[in-house]
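Predicted model and sequence below, questions to follow.
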Amino acid sequence: MYAFGLFDGDEMLGCVIYGKPASPSVCVGVCGKDESANVLELTRLWIKDGTPKNTESYLIGRSLKLLPKNKDIIISYAEIGAGHIGIVYQATNWIYTGMSDRHVEWRLDGKTGSHSRHIFDQHGGVNGAKEFYGDRLERHERPRKHRYVYFNTTSKRRKKELLDKLKYKVQPYPKKDTQR
């Protein structure tokens with residue numbers, strides 16, 4: 001995991017965190033198995049309210065330059081449920097690759113909070129968790145998200161190579177008035 005902060009003196013104005021994607025299939029799904037070890041996910045971005053315009057773009061741009069050179073494929077998602085379409089990714093020239101896949105998630109007593117993977121790990125998989133929790137473990141469809149990819153390299157040759165390997169279809173950016 002890589003975490004970077006934006007400070008004004010001692011005051012934190014924002015942070016961005018990159019880590020290994022939770023799903024190994026995402027790592028393979030972006031540009032294939034031979035590139036799967038090069039994938040990072042921008043997992044969190046926070047900017048303090050009231051900061052100047054473009055602070056998010058500034059933080060992302062600066063932090064990308066600090067990531068290891070061998071981690072040159074970055075993926076991130078914009079949560080539709082939170083009203084996001086990925087404006088900051090569009091402003092920083094990420095590639096829009098459509099919506100995330102539909103997936104099932106399991107919730108304990110219908111609550112979101114702990115990831116079902118953690119529940120399964122504690123009980124030896126989904127069947128063990130179902131056996132332990134019974135009807136308290138509920139199946140829900142996970143909301144889809146807008147998916148963005150960024151090739152973090154200054155080499156035009158490498159960028160073209162990665163674009164040729166990209167397994168997702170490049171699509172036009174979604175707009176605020178677009179319902180998906």
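Received it, and whenever you're ready, just let me know what you need.

what about this structure, any weak spots by pLDDT?
102-104, 110-118, 177-180 (pLDDT under 70).

Need phi/psi at the residue most central in space within it.
By Cα atoms, centre = their mean, the mean C-alpha position of the chain lies nearest to residue 76, the distance being 2.9 Å. The phi/psi pair for residue 76 (degrees, to the nearest 10) reads phi -150, psi 160.

With adjacent residues omitted, what lies nearest to it?
Leaving aside its chain neighbours, residue 76 sits nearest to residue 42 (3.8 Å; criterion: Cβ to Cβ, 6 or more residues apart in numbering). C-beta coordinates here come from the backbone N, C-alpha and C atoms, glycine included.

Likewise for residue 85?
Excluding the flanking residues, the one nearest residue 85 by Cβ to Cβ, 6+ apart is residue 174, at 4.7 Å.

ditto for residue 152
Sequence neighbours aside, residue 72 is the residue nearest to residue 152 in space, at 4.7 Å (criterion: Cβ to Cβ, 6+ apart).

so residue 65, which of the three states?
Going by DSSP: H, G, I helix; E, B strand; the rest coil, the secondary structure assigned to residue 65 is helix.

neighbours around it, how many?
Residues contacting residue 65 under the criterion other Cβ atoms under 10 Å number 8.

Let me see the contact set for it.
For residue 65, no contacting residues are found, by Cβ atoms under 8 Å, 6 or more residues apart in numbering.

Could I get the buried residue list for stretch 164-180?
Residues of stretch 164-180 classed as buried by neighbour count (16 or more other Cβ atoms under 10 Å): 166, 168, 174.

My error: substitute stretch 147-156 in the last question.
Within stretch 147-156, the residues scored as buried using 16+ other Cβ under 10 Å are 147, 148, 149, 150, 151, 152.

Looking at those, spot the one nearest residue 18.
Sorting the buried residues of stretch 147-156 by how near they are to residue 18, with Cβ to Cβ, puts residue 152 at the top with 9.9 Å.

how much space between that closest one and residue 76?
For residue 152, the distance to residue 76 equals 12 Å [Cβ to Cβ, to the nearest Å].

Thanks a lot, see you next time.
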